[in-house]
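A.B. asks: Pasting the sequence and the predicted model now:
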Amino acid sequence: MTFEKQLTHPIYAYVQQAADALGYDAYVVGGVVRDLIMRRHNTDIDIVTVGSGIELATRTAALISPDLHVNVYRNFGTAQFNFEGCVIEFVGARRESYNRDSRKPIVEDGTLEDDQLRRDFTINAMAVALNGPHRFELVDPFNGVQDIADKIIRTPCDPDRTFSDDPLRMMRAVRFASQLNFTIYPETFEAIQRNASRLEIISAERIMEEFNKILHCIRPSRGIKLLDDSGLLKEFLPEIVALKGVESINGKGHKDNYLHTLEVVDNIAMSSTNVWLVWAALLHDVAKPVTKRYDPIHGWSFHGHEVVGAKMASKIFHRLRLPVNERLKYVQKLINLHLRPIVLVEDNITDSAVRRLLFEAGDDIDDLMMLCEADITSKNSDKIKRYHKNFEIVRQKLIEIEEKDRLRNWQPPIDGLDIMKAFDLKPSRTIGDIKDVVCNAILDGEIENTREAAYRCMLEAGISMGLTPVNPENTPKNES
């Protein structure tokens, strides 16, 4: 198999020229070769040379432009630069060995064969020569081309050694199976099951890098199931494993919250590429196992699971080293509010309830509605139609209230400074209590959303709490 027509990126000609000048053999390897065969786009180009990767990188960059900056990582023997929309990385061919308690390898210079043998999977162990008498020819010692045709993920050598040496490869096996819709070879999958506990030596950041790629797939449930079946999921997300199963008492059972969650995750993934919305779907019912209660009359309930779930999300994000800034707040907000839209319908929707939802959801109201609609997973088609119709009513009401009251990301017309000045107060809980009274009065439609009305309400609230206004006559005119 020759790749002369496929290797169209200009980097390959420059690498050939530089490698010839240095007397090195150079190859393009790994994912880019796999994706060329599969006709997939790839912007990461890995170059292996039997020689110094850093020297080849600097010589290649100099041929392209004297101003081209090369990032050199001498501790790893690698170098990279950006060129024509791609990240080009260079490394010298090497062999690796591992200490059992670390995934950091002991590295020695090696041959191309050594370098291919250290690769994670056969489909990533192929190389194409960039110079010499076999230029453009494929080097495929482990039948990666056939494994692509058969849609198989397997290791080029003993899978137990592969996964014990670098346990992150187990996550990568699931990730590639999910992204490419491949099957993990039985012997390879059994080795993952045997070595799943080895994931403990991998940092949470590296695990999440792979897991988030799984969540970005069209059907994340496939990858999550593979993680569960292999024993990997319980190593970093036991809360999701805990959702599994159905309990029945006196003939009354509840749905399997694990399978339900996977359906919701898939529903979101088909509608959005926002991985944090997928995380909200994954964790929206995470507290159901700890809030589950049985009542002989009403059956099973999970009261407060949205509140408890938001708190659990914080612990999970901190443990897994996920972003705990706005990303966590966003996920917690959606978990906290995911029952509200359907409750609006069941309680005969009112303007005040819609105002509150708009106020609390803010700019995330559309994502919240997407999550709520994805949460409809009943096998009863009539029930699904009814719920979707109800959500249409909620959406229309949201549009009407938003156009009328402009409450998305709204803040009340008076703030804490106004309250402190009006009653000569220092910062205290009382200020928040008064502000809540004003805010609730506006959201409930008891007063207009104007500064004048809000100020009068503030004075009345403070007086009812035993406070004395500094200047009760100094009520501002409407400034809205």
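C.D. replies: Sure thing, it's come through. Numbers count the residues shown, from 1 in each chain.

A.B. asks: Rounded mean pLDDT for stretch 213-225, please.
C.D. replies: Stretch 213-225 carries an average pLDDT of 97.

A.B. asks: Using CSV, list the CA coordinates for that stretch.
C.D. replies: Below are the C-alpha coordinates for stretch 213-225, written out as CSV (Å, rounded to 0.1, in the frame of the first residue of the first chain):
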residue,chain,number,x,y,z
LYS,A,213,-13.9,12.8,24.8
ILE,A,214,-16.2,9.9,25.4
LEU,A,215,-18.9,12.4,26.4
HIS,A,216,-18.3,14.3,23.2
CYS,A,217,-19.3,11.2,21.1
ILE,A,218,-22.6,11.0,19.3
ARG,A,219,-23.7,8.2,21.7
PRO,A,220,-21.8,8.6,24.9
SER,A,221,-23.9,5.7,26.5
ARG,A,222,-21.9,3.2,24.5
GLY,A,223,-18.6,4.3,26.0
ILE,A,224,-20.1,4.6,29.5
LYS,A,225,-21.4,1.0,29.2
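
A.B. asks: now residue 78, which residues is it bridged with?
C.D. replies: Under the criterion DSSP bridges, residue 78 forms beta bridges with residue 73, residue 91.

A.B. asks: if I pick it, what's in contact with it?
C.D. replies: Residues in contact with residue 78, defined by Cβ atoms under 8 Å, 6 or more residues apart in numbering, are 53-54, 72, 89-91. C-beta: built from backbone N, CA, C; applies to glycine.

A.B. asks: list the buried ones in the lengthiest helix in the chain?
C.D. replies: Among the segments of the chain that qualify as a helix by DSSP state H, the longest is helix 381-405. If you call a residue buried by 16 or more other Cβ atoms under 10 Å, then helix 381-405 has these buried ones: 387, 390-391, 394, 397-398, 401-402, 405.

A.B. asks: likewise stretch 142-151?
C.D. replies: 142-145, 147-148.

A.B. asks: Make TSV from the residues you listed and add pLDDT, secondary structure and distance to residue 285 to it.
C.D. replies: Below are the buried residues of stretch 142-151 laid out as TSV (pLDDT from 0 to 100; DSSP: H, G, I helix; E, B strand; the rest coil; distance: Cβ to Cβ, whole Å):
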residue	pLDDT	secondary structure	distance to residue 285
142	96	coil	42
143	96	coil	43
144	97	helix	40
145	97	helix	43
147	98	helix	38
148	98	helix	38
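
A.B. asks: With distance to residue 13 added, can I get those residues in CSV?
C.D. replies: As requested, these are arranged in CSV below (distance: Cβ to Cβ, whole Å):
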residue, distance to residue 13
142, 28
143, 29
144, 25
145, 25
147, 30
148, 26
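
A.B. asks: Looking at those residues, spot the one nearest residue 2.
C.D. replies: Residue 2 lies nearest to residue 145 out of the buried residues of stretch 142-151, by Cβ to Cβ, at 12.8 Å.

A.B. asks: show me the contacts for that closest one.
C.D. replies: 1, 37, 126, 138.

A.B. asks: what's the most distant pair in the residues you listed?
C.D. replies: Across those (Cβ to Cβ), the longest gap, 9.6 Å, separates 1 and 126.

A.B. asks: The two: who's more crowded?
C.D. replies: residue 126 (29 against 11; other Cβ atoms under 10 Å).

A.B. asks: what about the more buried one, distance to residue 85?
C.D. replies: 23 Å (Cβ to Cβ, to the nearest Å).

A.B. asks: Can you name the element that comes right after the lowest-mean-pLDDT helix or strand in the chain?
C.D. replies: Sorting the helices and strands of the chain by mean pLDDT, DSSP states H and E puts strand 105-109 at the bottom, at a mean of 66. Downstream of strand 105-109, the first helix or strand assigned by DSSP states H and E is helix 112-117.

A.B. asks: buried ones in that following helix?
C.D. replies: So for helix 112-117, counting by 16+ other Cβ under 10 Å, buried means 112, 115-117.

A.B. asks: distance of residue 252 from residue 260?
C.D. replies: Between residue 252 and residue 260 the distance, using Cβ to Cβ, works out to 17 Å.

A.B. asks: cool, residue 413 as well?
C.D. replies: Residue 413 is 43 Å from residue 260, by Cβ to Cβ.

A.B. asks: Neighbour count: the two, which is higher?
C.D. replies: A direct count of neighbours by other Cβ under 10 Å for residue 413 and residue 260 places residue 413 higher, at 23 against 18.

A.B. asks: Residue 456 is in contact with that one, correct?
C.D. replies: No: using Cβ atoms under 8 Å, residue 413 makes no contact with residue 456, being 11.0 Å away.

A.B. asks: what touches both of the two?
C.D. replies: Counting by Cβ under 8 Å, 6+ apart, nothing touches both residue 413 and residue 456.

A.B. asks: Can you give me the neighbour number for residue 432?
C.D. replies: The number of residues packed near residue 432 is 12, by other Cβ under 10 Å.
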